[in-house]
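**Student:** This is the structure alone, sequence omitted:
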């Protein structure tokens, strides 16, 4: 009978640890593996992959600022995440360059995201303004590779 009690305690402890991990990683802080070159030279500069630390509290508090690097769900494929720089907030005017220069107003509850490497970036120039609710968190620290270890600055 003691063995059964220990197993129940171990299962309960494992369940609590999993719930704590899930809550923290979804609502406070998590690690994300970045791939691709759309944020070069700020991220993935000369690397194929980097691991960054992402915090979610500034999203929940709606305290993101222009030039923050964020992780968001891709609007046309919400199962994929994108990493971009927050270029404009709701109410800001953004200009698009095409055959002629046009100005757009970022609607309420939306942001405008751009990749640093404009030649390869799939960003708001393609999918338009992004609903604020699709932002997962703000990139605050590069963990891997060790040679690039340190905070991410605006």
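**Tutor:** Received the coordinates, thanks. Computed from a predicted model, the values in this text were never measured in an experiment.

**Student:** Quick check: closest non-adjacent residue to residue 89.
**Tutor:** residue 111 (5.9 Å; C-beta to C-beta, 6 or more residues apart in numbering). Any C-beta I mention is one placed from the backbone N, CA and C, and that applies to glycine too.

**Student:** Show me the shaky parts of this structure.
**Tutor:** 1-28, 45-48, 96-101 (pLDDT under 70).

**Student:** residue ranges of the strands in it, please?
**Tutor:** Assigned by DSSP state E, the strands in the chain fall at 29-35, 49-55, 69-74, 77-88, 93-96, 102-105, 110-114, 130-131, 135-144, 150-151.

**Student:** most packed of the ones you listed?
**Tutor:** strand 110-114 (a mean of 23; mean count of other C-beta atoms under 10 Å).

**Student:** How far off centre is that strand?
**Tutor:** 12 Å (C-alpha atoms, centre = their mean, to the nearest Å).

**Student:** picking up where we left off before, rebuild the strands of the chain as JSON lines, extending it with distance to residue 123.
**Tutor:** JSON lines is the format used below for those (distance: least, C-beta to C-beta, whole Å):
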{"stretch": "strand 29-35", "distance to residue 123": "15"}
{"stretch": "strand 49-55", "distance to residue 123": "18"}
{"stretch": "strand 69-74", "distance to residue 123": "10"}
{"stretch": "strand 77-88", "distance to residue 123": "5"}
{"stretch": "strand 93-96", "distance to residue 123": "11"}
{"stretch": "strand 102-105", "distance to residue 123": "14"}
{"stretch": "strand 110-114", "distance to residue 123": "5"}
{"stretch": "strand 130-131", "distance to residue 123": "9"}
{"stretch": "strand 135-144", "distance to residue 123": "13"}
{"stretch": "strand 150-151", "distance to residue 123": "23"}
